[in-house]
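Participant: pasting a predicted model and its sequence here:
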Amino acid sequence: MSARVARLAAAVVLVAACGDAAAPETTADPMVASASDYAFSARRAIEGTRFEGLGDDEVAALVIELCDDLAASSDPDAEVLAFLEGVDAPPGEAVDDRIMAVVLAEGALTVCPAAVDAAAARAWEVADPEVRYLAAVAAVAPELDEDLTGDDLVAAGRAVCSVLDGGGSPEEAVVAEFAELFGISGVSMDEIASGAAGEREGMLVGGVLGGAASFLCPRHRDAVAAYLEVLAEENAG
């Protein structure tokens, strides 16, 4: 699943309709039935937006159409936004489009999760190495008090690659990236690995090391993976 689509879909809570209204009858087609049920539950989300004139059947049809488009997409995020531009509705506020994008993205995740996953996998394969690197770091590294930007993290990853390309060891690369990230030199690998230099900081530099070797300079992937395995065993002991 695309990380951005997943975040988009989680941005609002779609509250099921309440009161005396009854859910629409389902059909024999599982996808149509799922889209119909979803459209009914999403009704409250689009009320008050420029899309409120769309009936449940229309919303269900839009979700199914989006699923068809995603089947050949390698950029699910752009696919959702491009699809939204083609939805016929009166002019309105920008927030209305954000809400409807959420409705469509969540609908696709509900009705055709396999198509979303496949599109996200294709997007990942063609993504820029720096994008993949930052996603990998974000997946394993904690948030810190320091206001580190994506550019800061990429610079630290490049510092890792520079040390490794110059024949340096993974330990030397970690010390170099620690200095790059936090402006602190003279810190030993033992201090970083033990958490003496900051436990969360240590987790971040480990994520940067692994991410850099995986995506920015994959020629060093095996050496870094072996080093991290040894380091994990030592810390476990």
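Facilitator: Sure, I can see it. Residues are numbered from 1 along each chain as shown.
Participant: quick one, helices of the protein?
Facilitator: Listed in chain order, the helices found in the chain under DSSP state H are 3-9, 30-46, 56-70, 76-85, 94-111, 113-126, 129-140, 150-165, 170-182, 189-194, 199-211, 221-236.
Participant: can you list the weak-confidence ranges in this protein?
Facilitator: For the chain, applying pLDDT under 70 flags the ranges 1-28, 144-145, 194, 196-197, 235-237.
Participant: only C-alpha atoms, please: export stretch 222-237 in PDB.
Facilitator: Extracted C-alpha coordinates of stretch 222-237, given in PDB (Å, rounded to 0.1, in the frame of the first residue of the first chain):
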ATOM      1  CA  ASP A 222      26.000  -7.100   2.100                       C
ATOM      2  CA  ALA A 223      28.800  -5.700   4.100                       C
ATOM      3  CA  VAL A 224      26.500  -3.400   6.100                       C
ATOM      4  CA  ALA A 225      23.900  -6.200   6.600                       C
ATOM      5  CA  ALA A 226      26.600  -8.500   8.000                       C
ATOM      6  CA  TYR A 227      27.900  -5.700  10.300                       C
ATOM      7  CA  LEU A 228      24.400  -5.000  11.600                       C
ATOM      8  CA  GLU A 229      23.700  -8.700  12.300                       C
ATOM      9  CA  VAL A 230      26.900  -8.900  14.400                       C
ATOM     10  CA  LEU A 231      26.000  -5.700  16.200                       C
ATOM     11  CA  ALA A 232      22.500  -7.000  17.000                       C
ATOM     12  CA  GLU A 233      23.900 -10.200  18.400                       C
ATOM     13  CA  GLU A 234      26.400  -8.400  20.500                       C
ATOM     14  CA  ASN A 235      23.700  -6.100  22.000                       C
ATOM     15  CA  ALA A 236      21.400  -9.000  22.600                       C
ATOM     16  CA  GLY A 237      24.100 -10.700  24.500                       C
END
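Participant: buried residues in that stretch, which are they?
Facilitator: 224, 227, 231 (16 or more other C-beta atoms under 10 Å). C-betas here are computed from N, CA, C, even on glycine.
Participant: tell me the contacts of the second one?
Facilitator: If I follow you right, that is residue 227. 169-171 (C-beta atoms under 8 Å, 6 or more residues apart in numbering).
Participant: now the residues you listed as CSV including neighbour count?
Facilitator: What follows is those, written out as CSV (neighbours: other C-beta atoms under 10 Å):
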residue, neighbour count
169, 14
170, 23
171, 17
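Participant: pick the one among those closest to residue 220.
Facilitator: If you rank the contacts of residue 227 by distance to residue 220 using C-beta to C-beta, residue 170 comes first, at 8.1 Å.
Participant: surely that closest one meets residue 209?
Facilitator: Yes: with contact defined as C-beta atoms under 8 Å, residue 170 counts as touching residue 209 (6.5 Å).
Participant: and for these two, which residues touch both?
Facilitator: Common neighbours of residue 170 and residue 209 (criterion: C-beta under 8 Å, 6+ apart): 224, 228.
Participant: save the contacts of residue 227 as CSV, and put in distance to residue 55 too.
Facilitator: Listed next are the contacts of residue 227 as CSV, based on distance: C-beta to C-beta, whole Å:
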residue, distance to residue 55
169, 64
170, 59
171, 63
